[in-house]
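> Got a predicted model here, sequence first, then my questions.
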Amino acid sequence: MMAPPRDARLARQARLAASARKWRRLLALLLALVAGPLLAEGVLRWLLFSPSLLAERLGRPFREPSLYLASPHSDDQEKLFTLFRLGWRASHGIPPCADAEIGWIKPEIERVTYRHAAQDSLAGRRPVLLYGSSFAACGHHPDPCFQDLLDCSDLGRSYGLLNYAVSGHGLDQSLLLLEKSVDLYADLDPVVVIAFVVESDLSRAPLTFLNRPKPRFRAQGSTFVLEPPDGLDCLAFMERHPPSIQSYFLRYLANGVGLLPLEWRRRWEGEPAAVQERRELTTFLLRQMERECNRRGLEHFVLLFHLPSAMEAQPGGIEHELHAQLEDAGLAWVDSRSDVERARVQHGCTVHELFGTSIHPNGLGTAVLYQALARGLRCERDGGSEWSPRLTGHTDDPPPAPR
């Protein structure tokens, strides 16, 4: 058999070499496609979470939860916010005022017993027990707060306010604190006021973490069951329950770069199901609050606050839906929106003058919001059933209404 011509052999070798180069390039491309994202992921994680001061300085533009999350109210958002804010300063330890059942309280509330430090100031007056978060706690401005404004008013002759509001609390924690403390003053026929910020506080209830570990009510069948905090050490909690994000690089491409539409990203994160759960949990908590007060025969109402951005806009669907939920739960309510609008018209106040550069009311803003509380105590409520001792089985006549 004759050997193939030399030119044919060379041509065949050239074809084989070209094919080999093609496959090597393809393999290199595949390796780059795999190694590139892995390298990018590793570098990004170092920038985000390394305790190194160099990483914190270089990674500062990337340490923003919204670059990796499209849903604004989630455990992942709160955990990332805390991790990014603390950086190298993160350390183990139980923060002040931690509480194994409620998550945290404040110095004015006695641990274990939940008595209020100011209870002696009642001096025979009917207690007003105010539960809520930072708006009601006045945590972002010095006195006067709601209790001081009440003391200086005509209502202060008959009522004394114990401020049980705690900054950062959600509606779930307000309910738990109410259950722990209301019986301490039940014999004094208190008025129970549950205050919350419509646009922010309701979204806190499903969370297990909000700057620190907290309890939550978890859906179980057709109801919700309480899960206490899994420990009180913030860093240890996040080590056991880190953010659920699998790839920060892919999340950055989707959210930070915006490669996917917002609706797609929120569906990817399970936002529609989370919204429905928050809606059902809000209904559950409101009904529980009504039951707790009703079975004790205590007068009670809900006090609604709003973020300054909401005060600049017309009432939206979330407010109308909440009013319907309150009505369904049998709860009376007072909405501070009308008091803020009245102040803007009668006194020429702007929302900025009431809130300043913060989302929290300043001293002037609190004085305006107090008018809503006063209306509630005068039974000038905006909706819901009118309270009556006959409806609750409460036989003791309440003290005469103040003039």
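On my side now, so go ahead.

> List the residues that contact the closest residue to residue 304 other than its chain neighbours.
Closest residue to residue 304 apart from its sequence neighbours, by CB to CB, 6 or more residues apart in numbering: residue 335 at 4.5 Å. Every residue, glycine included, has its C-beta placed from N, CA and C. Residue 335 makes contacts with 304, 319, 323, 372, 382-383, as judged by CB atoms under 8 Å, 6 or more residues apart in numbering.

> swap in residue 203?
Going by CB under 8 Å, 6+ apart, residue 203 touches 72-73, 170, 278.

> quick one on the thing from earlier: ok, the contacts of residue 335 vs residue 273, which is closest?
residue 319 (22.8 Å; CB to CB).

> how close does the closest one get to residue 335?
Using CB to CB, to the nearest Å, residue 319 is found at 8 Å from residue 335.

> Which residue ranges of the stretch 51-200 of the chain form strands?
Along the stretch 51-200 of the chain, counting by DSSP state E, counting those that start in this stretch, strands occupy 98-99, 103-104, 126-131, 159-163, 191-197.

> what's the answer for the stretch 301-403 of the chain, then?
Going by DSSP E, counting those that start in this stretch, the stretch 301-403 of the chain shows strands at 333-335.

> so where is it shaky, pLDDT-wise?
Along the stretch 301-403 of the chain, segments meeting pLDDT under 70 span 387-403.

> now do 90
Within the stretch 301-403 of the chain, the segments meeting pLDDT under 90 span 312-318, 346-349, 356-358, 384-403.

> Can you tell me how far the residue lying closest to residue 364 once chain neighbours are set aside is from residue 65?
Leaving aside its chain neighbours, residue 364 sits nearest to residue 354 (5.8 Å; criterion: CB to CB, 6+ apart). Counting by CB to CB, the gap from residue 354 to residue 65 is 28 Å.

> who touches the closest residue in space to residue 337 that isn't next to it in sequence in this structure?
What sits nearest to residue 337 in space, not counting adjacent residues and going by CB to CB, 6+ apart, is residue 306, at 5.8 Å. With contacts defined as CB under 8 Å, 6+ apart, the neighbours of residue 306 are 197-199, 336-337, 340.

> Most neighbours among those residues, please name it.
Using other CB atoms under 10 Å as the neighbour criterion, residue 336 leads these with 27 neighbours.

> What about the residue lying closest to residue 253 once chain neighbours are set aside, how many residues nearby?
What sits nearest to residue 253 in space, not counting adjacent residues and going by CB to CB, 6+ apart, is residue 259, at 5.2 Å. Residues contacting residue 259 under the criterion other CB under 10 Å number 12.

> Make 398 the first number, not 1, from now on.
I'll keep to 398 as the first residue from here, and by that count the last item is residue 656.

> Report the distance from stretch 698-718 to the chain centre.
For stretch 698-718, the distance from its own C-alpha centre to the chain's C-alpha centre is 16 Å (CA atoms, centre = their mean, to the nearest Å).

> mind listing what's buried in it?
By neighbour count with 16 or more other CB atoms under 10 Å, stretch 698-718 contains the buried residues 698-705, 707-708, 716.
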